[in-house]
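Participant: Sequence isn't available, so here's the structure alone:
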């Protein structure tokens, strides 16, 4: 492969930060191309040729191929660069995948969406769907139960599942979530941030 990885991302987005953090942790050189989702920069004809879904993050590999979806990207990068961020054991790897799928289905749609609407669209609590708070709290509660058993979300060490889940959990307060209700979360966030060097 020739050239350098290019990452199209919005620095306000936890999904985009997952990819940046993974690249930095792996020590892989890359070019970051800042996008402004709110201003519509992901809807240009040029960007839609890379990712027809019009979403970031999107990474362009040194050989010119493009890959989207944050969790797919970080798993690909970790495996490509022989990182232990993805376990070799099939069952342990499946448990990591279990958390990655859960993050996109049961965590991000509530915590990230409520944060975006409050912090970036300026909506008040009365304007927000109450299910966002209810289901977001339920997701944080599920993480709390797991983190009472293990120091990291999928077991004893840092994996891509932690990178995926820490991205929006660490800023959940911006969406009106009180992390003090979940005493295992802040220590876990600190462990993951130390592991990532952020």
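Facilitator: Looks like it arrived, so ask away. Predicted model only: the values in this text are computed from it and were never measured.

Participant: can you tell me the helix or strand for residue 8?
Facilitator: strand 5-9 (DSSP states H and E).

Participant: For the chain, which segments are assigned as helices?
Facilitator: Taking DSSP state H as the test, the helices found in the chain are 14-26, 45-50, 70-80, 90-102, 108-115, 130-147, 160-169, 185-196.

Participant: sorry, back to before: which parts of the strand holding residue 8 are buried?
Facilitator: Across strand 5-9, burial judged by 16 or more other C-beta atoms under 10 Å covers 5-9. Placement of C-beta: from N, CA and C, glycine included.

Participant: residues near residue 119, how many?
Facilitator: When neighbours are counted by other C-beta atoms under 10 Å, residue 119 registers 15.

Participant: Now do the contacts for it.
Facilitator: Neighbour list for residue 119: 174-175 [criterion: C-beta atoms under 8 Å, 6 or more residues apart in numbering].

Participant: Nearest approach to residue 33 belongs to which of the helices of the chain?
Facilitator: Closest to residue 33 of the helices of the chain, according to C-beta to C-beta: helix 45-50, at 9.5 Å.

Participant: Point out the other elements, helices or strands, that that closest one touches.
Facilitator: With contacts taken as 3 or more C-beta pairs under 8 Å, 6 or more residues apart in numbering; DSSP states H and E, helix 45-50 sits against strand 58-60.

Participant: average pLDDT across the strand it packs on?
Facilitator: Averaging pLDDT along strand 58-60 gives 97.

Participant: And the closest residue to residue 159 other than its chain neighbours, how far from residue 70?
Facilitator: Distances taken as C-beta to C-beta, 6 or more residues apart in numbering place residue 96 nearest to residue 159, at 4.9 Å, with adjacent residues excluded. For residue 96, the distance to residue 70 equals 14 Å [C-beta to C-beta, to the nearest Å].

Participant: ditto for residue 29
Facilitator: 20 Å.

Participant: more neighbours, those two?
Facilitator: Taking neighbours as other C-beta under 10 Å, residue 29 and residue 70 compare with residue 70 leading, 29 against 8.

Participant: residue contacts, the more buried one?
Facilitator: Counted by C-beta under 8 Å, 6+ apart, residue 70 has contacts 15-16, 18-19, 57, 164, 167.

Participant: Can you read off the pLDDT for it?
Facilitator: 97.

Participant: That one and residue 168, how far apart?
Facilitator: 11 Å.

Participant: buried residues in the one helix or strand in the chain whose mean pLDDT sits lowest?
Facilitator: Least confident helix or strand, the chain: helix 45-50 with a mean of 92, by mean pLDDT, DSSP states H and E. Within helix 45-50, the residues scored as buried using 16+ other C-beta under 10 Å are 47, 50.
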